[in-house]
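Novice: requesting a structural model of the entry that follows:
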Amino acid sequence: MNIHTAHHHYDLNGRDTVIEGYIEASLNFAYSHLKRHVWSMLDVGADYGYAMHYAEDSLECSRAVGIEPYLKHNPWGLDIRRISAEDPRLRLEVEGEFDLIFLNHTLEHFYNPTLVLSNLEHVRSAETKLFVAVPHANSEWSKWEGHFSIWTSDWLDHFCRTNGWRCVELVERELRPGCVEVWGLFE
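Specialist: You can find the predicted model right below:
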C-alpha cells in the first residue's frame, strides 16, 4: 500500500484535489527556475501522476516520466513505471536526460536517500534541476509512519551538496498550522 494513501482524501475518481493544488504550487516554483519553456521531467514518487499531467497540460512539458512502485491508478494513461528509485534496475527502466527531477514529499520515504540520488545520476545533464520537498523536522508530519529520515533546510542543503548538487533556493513554508515543509531547488 502506498504510505501516502493513509493521509490523503481521495474522491470517487481516485483523486485528491487538495493535494493537487499543493502539487501545482510546488511545480510552478520549480518551473520558474528552468531556463527553457519546452522541458522534460522525471517525477519520483508519482502516485497517480497529477504532477506529470499538470506539467504537460499547463506548463508545456514535452516529456514526463514517473516512477511509482505502488501505482494503483493512472487516470490520464501517463508513462508511470512501477519501480522504486532505490532499485538498481532504475537505470534500465528510465533512459535519457531530464530538465527537472521532481521529488515531492518522497525523499523522506526512502531507507537510503543517498542511493536514490546516485540512481538518478544517469538522467542528469549539466542543466538538470532537482526539486525536493520534505516535511520539516519540527513539523508534526515529519514523524508520520513511513518517514525514515527527518529534514531541516540546513540538512537538506548539506545532503544535496554532499551528493553533487548546488543549492539554487531553499524555502520553508507552512501549509497549515503544525505542517511546515522545506522546498529546495538544486542544480
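Novice: give me the helices and strands touching the lowest-mean-pLDDT helix or strand in the chain, please.
Specialist: In the chain, no helix or strand scores lower on mean pLDDT, DSSP states H and E than helix 17-31, which sits at a mean of 89. Applying 3 or more CB pairs under 8 Å, 6 or more residues apart in numbering; DSSP states H and E, one finds that helix 17-31 makes contact with helix 50-58, strand 100-104, strand 129-135, strand 179-186. All C-beta atoms are positioned from the backbone trio N, CA, C, and that covers glycine.
Novice: in a markdown table: these, plus mean pLDDT and mean neighbour count.
Specialist: Output for the helices and strands packed on helix 17-31, formatted as a markdown table (pLDDT from 0 to 100; neighbours: other CB atoms under 10 Å):
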| stretch | mean pLDDT | mean neighbour count |
| --- | --- | --- |
| helix 50-58 | 96 | 20 |
| strand 100-104 | 97 | 24 |
| strand 129-135 | 96 | 25 |
| strand 179-186 | 94 | 20 |
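Novice: how about CSV for those, with distance to P75 added?
Specialist: Formatted as CSV, the helices and strands packed on helix 17-31 follow (distance: least, CB to CB, whole Å):
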stretch, distance to P75
helix 50-58, 8
strand 100-104, 18
strand 129-135, 23
strand 179-186, 26
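Novice: tell me how far the closest residue to P113 other than its chain neighbours lies from E20.
Specialist: Sequence neighbours aside, L107 is the residue nearest to P113 in space, at 5.2 Å (criterion: CB to CB, 6 or more residues apart in numbering). For L107, the distance to E20 equals 20 Å [CB to CB, to the nearest Å].
Novice: comparing those two, which residue is more hemmed in?
Specialist: L107 (24 against 14; other CB atoms under 10 Å).
Novice: just list the residues touching that one, thanks.
Specialist: Contact analysis of L107 by CB atoms under 8 Å, 6 or more residues apart in numbering lists P113, V116, V132, V134, S149, W151.
Novice: what two of those have the greatest distance between them?
Specialist: Distances among these were taken as CB to CB; the most separated pair is V116 and W151, at 13.5 Å.
Novice: just to revisit the earlier point, want to throw the contacts of L107 into CSV with distance to L185?
Specialist: Listed next are these as CSV, based on distance: CB to CB, whole Å:
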residue, distance to L185
P113, 17
V116, 17
V132, 8
V134, 13
S149, 19
W151, 15
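Novice: can you map out the strands along the protein?
Specialist: 39-44, 61-67, 80-81, 100-104, 129-135, 167-176, 179-186 (DSSP state E).
Novice: now the angle from the first one to strand 61-67?
Specialist: Going by axes from the mean of the first three to the mean of the last three CA atoms, to 10 degrees, strand 39-44 is angled at 10 degrees with respect to strand 61-67.
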